[in-house]
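A.B. asks: just a sequence and a predicted model for now, questions to come.
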Amino acid sequence: MISISNDKNMVKLIEIEKKSLKSMLDIQKNLNKQILSFLKNFLGDVKIDLNFDSENTVFKYIKETTDILGMSNANIEKLDFLLNKLNDIISSINDKYVKEKIELYNSKFESEIDTIYEHTTSIEKFIHKISLLDLSQVLAEINKVTDADTNNEDSDLEISSETLNSTFVENTLVISEMKGKVILPYKISEVNDILLNNSDKYSSIEHVIRKLYTRPIREYRFSAMARFREAYKLVTEKEHKSKMKAFSLASELFANYNLHPAIITACKSLDELDIYLACLEDNSLDDFPFFDVKYEVAPKIQKQELQKQEIPF
């Protein structure tokens with residue numbers, strides 16, 4: 001904070017305050033680098049495409065790291081804001097309103113500094129924890145795949161010709177709880193091309209759709225983790241961009257509870273996803289031009305009816 005009672009030393013006091021904030025900012029940037037370094041090593045070996053549940057270590061570390069990185073970025077943003085206010089005060093030191101500007105700065109400083117300190121404590125505890133972490137052991141747990149999931153994959157994705165023709169239409173994302181499947185958007189012309197060019201691998205249109213466009217809905221069971229995984233894959237596998245850019249988007253969408261993760265899977269590019277998110281925010285999904293979305297939700301027995309059935313007479 002800056003004392004406004006001593007006009008003669010005003011510039012000196014402001015410069016001292018500025019130096020103090022710069023030191024704090026340097027510390028925050030150093031902490032931020034340590035978090036990002038952990039992420040770089042972590043994401044370098046973790047298989048993001050696996051189906052994690054909420055009890056898996058990767059889910060916990062990604063959520064915690066996302067929260068901590070958010071605190072770190074918030075601290076840097078707050079300190080940058082305060083430094084910009086000080087620069088503005090210095091540039092208008094002879095302004096008749098300079099004392100009012102200092103009072104506003106002091107008020108903002110008071111409202112932000114406690115949060116900065118609280119965030120810093122949490123960040124330092126997290127960095128201490130990851131410094132003691134045996135990353136190879138964590139990655140071993142994260143990257144193991146159960147034999148059951150691998151063996152049951154094909155049987156879970158069976159889809160009959162009758163079901164295909166009667167239920168699913170071209171260029172439509174189908175999210176079916178009733179059938180336990182997600183059918184990604186496809187065009188018949190594209191499916192035919194795949195079939196013609198890979199007749200040794202696929203026996204029919206239905207076979208192509210089952211293998212390339214159908215996923216078990218259990219992959220999306222834990223929505224937050226699935227959003228992270230699908231956003232990460234969109235950036236790295238479809239856009240061929242960096243893992244850090246992928247992590248940034250994945251972290252942003254992690255807590256977007258209005259976005260079904262299968263929609264991210266269905267998007268062919270970041271542009272498609274950006275347009276969907278804009279339509280979602282404006283409540284204008286009918287204007288989304290790339291594919292339709294169809295939900296099939298299993299009917300639920302009313303709680304009241306269940307309670308009646310459970311009452312013994």
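C.D. replies: Alright, I've got the coordinates. All values reported here derive from a predicted model rather than from experimental measurement. Numbers count the residues shown, from 1 in each chain.
A.B. asks: convert the C-alpha atoms of stretch 183-195 to PDB, please.
C.D. replies: Listed in PDB are the C-alpha atoms of stretch 183-195, where the atom choice follows Å, rounded to 0.1, in the frame of the first residue of the first chain:
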ATOM      1  CA  ILE A 183     -22.900 -43.000 -33.000                       C
ATOM      2  CA  LEU A 184     -20.600 -40.300 -34.400                       C
ATOM      3  CA  PRO A 185     -21.800 -38.300 -37.400                       C
ATOM      4  CA  TYR A 186     -21.100 -39.800 -40.800                       C
ATOM      5  CA  LYS A 187     -21.900 -39.300 -44.400                       C
ATOM      6  CA  ILE A 188     -22.900 -42.400 -46.500                       C
ATOM      7  CA  SER A 189     -20.600 -41.300 -49.300                       C
ATOM      8  CA  GLU A 190     -17.600 -41.300 -46.900                       C
ATOM      9  CA  VAL A 191     -18.600 -44.700 -45.400                       C
ATOM     10  CA  ASN A 192     -18.900 -46.100 -48.900                       C
ATOM     11  CA  ASP A 193     -15.500 -44.800 -49.900                       C
ATOM     12  CA  ILE A 194     -14.000 -46.400 -46.800                       C
ATOM     13  CA  LEU A 195     -15.700 -49.700 -47.600                       C
END
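A.B. asks: which residues does that stretch contact?
C.D. replies: Residues external to stretch 183-195 that are found in contact with it (C-beta atoms under 8 Å, 6 or more residues apart in numbering): 159, 168, 170-174, 176, 202, 204-205, 207-209, 212-215, 262, 265-266, 290-292. C-betas here are computed from N, CA, C, even on glycine.
A.B. asks: ok, now with 6 Å
C.D. replies: Contacts made with stretch 183-195 from outside it, assessed by C-beta atoms under 6 Å, 6 or more residues apart in numbering, are listed as 168, 170-174, 202, 205, 208, 213-214, 266, 291.
A.B. asks: which members of those residues occur in helices, if any?
C.D. replies: I205, V208, A266 (DSSP state H).
A.B. asks: thinking again about what came up before, of the contacts of stretch 183-195, closest to G70?
C.D. replies: In terms of C-beta to C-beta, no member of the contacts of stretch 183-195 lies closer to G70 than A266, at 27.5 Å.
A.B. asks: for V293, phi and psi?
C.D. replies: Comment: the main-chain dihedrals of V293 come out as phi -120, psi 130, following degrees, to the nearest 10.
A.B. asks: mind listing what the closest residue to it other than its chain neighbours touches?
C.D. replies: Excluding its sequence neighbours, the residue lying closest to V293 (C-beta to C-beta, 6 or more residues apart in numbering) is L173, at 4.8 Å. Neighbouring residues of L173 by C-beta under 6 Å, 6+ apart: P185, A266, F291, V293.
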